[in-house]
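Chemist: Sequence unavailable; structure follows:
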């Protein structure tokens with residue numbers, strides 16, 4: 001696996017939408033971002049996050065118009081590892097998962113052998129909302145992944161995404177978790193910040209914690225476009 005040499009500031013935890021990702025995915029720039037909302041600058045920082053500034057929200061821009069249709073995305077070489085939010089994602093998008101409702105860091109321990117036996121996959125870790133106080137354990141898990149595992153696969157870690165309604169009080173802890181984890185990932189694990197984009201563009205939930213179909217499809221597109229961007233850049 002090639003080392004990431006693109007230095008982008010993870011501490012700012014900004015949105016993951018990029019013009020390059022849109023082009024890779026087959027969309028034109030004007031299809032993805034309205035001209036009056038084009039992002040202008042990139043930051044400088046740590047080596048394992050490719051992000052740009054979140055564009056300003058537009059009344060005419062919707063999450064469904066920003067990305068290519070989910071059914072056109074090919075997740076055949078992906079494995080998603082996660083909790084009920086990953087289970088919900090799999091109900092809307094055709095993805096392979098190692099996931100269960102209500103799980104957290106202990107799930108990674110229980111399925112450790114199954115996970116490290118994966119080969120030639122884009123492995124997407126998408127969990128943490130159920131045990132936000134265990135960020136140090138997650139950090140240790142990713143830092144200690146076997147070298148042959150990280151060499152044989154592309155490893156992506158997705159931010160814990162925002163909550164609303166009765167769960168809105170979790171957002172401060174979510175922000176802390178995301179910053180700590182993003183700043184501590186080894187270069188073999190690539191950070192995908194979907195949280196900032198959802199906050200900027202808006203999101204829908206069924207109960208404040210789990211998302212509606214449109215939001216799950218938006219998350220799938222964000223993840224896919226970021227993976228394609230990373231790989232286009234040689235990671």
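Modeler: Alright, I've got the coordinates. All figures in this text were calculated on a predicted structure; none of them were measured in a lab.

Chemist: CA only for contacts and neighbour counts going forward, please
Modeler: Noted.

Chemist: Roughly how far does the residue nearest to residue 138 when sequence neighbours are not counted sit from residue 219?
Modeler: Distance criterion CA to CA, 6 or more residues apart in numbering; nearest residue to residue 138, sequence neighbours excluded, is residue 105 at 6.5 Å. Using CA to CA, to the nearest Å, we find residue 105 at a distance of 22 Å from residue 219.

Chemist: which of those two has more neighbours?
Modeler: residue 219 (23 against 19; other CA atoms under 10 Å).

Chemist: Please report the distance of that one from residue 204.
Modeler: For residue 219, the distance to residue 204 - CA to CA - is 12 Å.

Chemist: Determine the set of other helices and strands touching the longest helix along the chain.
Modeler: Across the chain, the helix with the greatest residue count (assigned by DSSP state H) is helix 213-232. Contacts defined by 3 or more CA pairs under 8 Å, 6 or more residues apart in numbering; DSSP states H and E place helix 213-232 against helix 19-24, helix 84-92.

Chemist: Those helices: lowest mean pLDDT?
Modeler: Within these, confidence is poorest for helix 19-24, with a mean of 37 (mean pLDDT).

Chemist: Run through the helices of the chain in chain order.
Modeler: 19-24, 29-32, 84-92, 105-110, 112-116, 135-143, 147-152, 171-184, 195-201, 213-232.

Chemist: Could I get the ones you listed in a markdown table, plus columns for distance to residue 164?
Modeler: Shown next, in a markdown table, are these (distance: least, CA to CA, whole Å):
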| stretch | distance to residue 164 |
| --- | --- |
| helix 19-24 | 28 |
| helix 29-32 | 26 |
| helix 84-92 | 14 |
| helix 105-110 | 23 |
| helix 112-116 | 31 |
| helix 135-143 | 21 |
| helix 147-152 | 35 |
| helix 171-184 | 8 |
| helix 195-201 | 10 |
| helix 213-232 | 13 |
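
Chemist: Lowest mean pLDDT across those, which one is that?
Modeler: Looking at those, the weakest mean confidence is helix 29-32, a mean of 34.

Chemist: For residue 209, list the residues it contacts.
Modeler: 162-164, 167 (CA atoms under 8 Å, 6 or more residues apart in numbering).

Chemist: Out of these, grab the one that's most surrounded.
Modeler: Neighbour-wise, the contacts of residue 209 (other CA under 10 Å) top out at residue 162, 25 neighbours.
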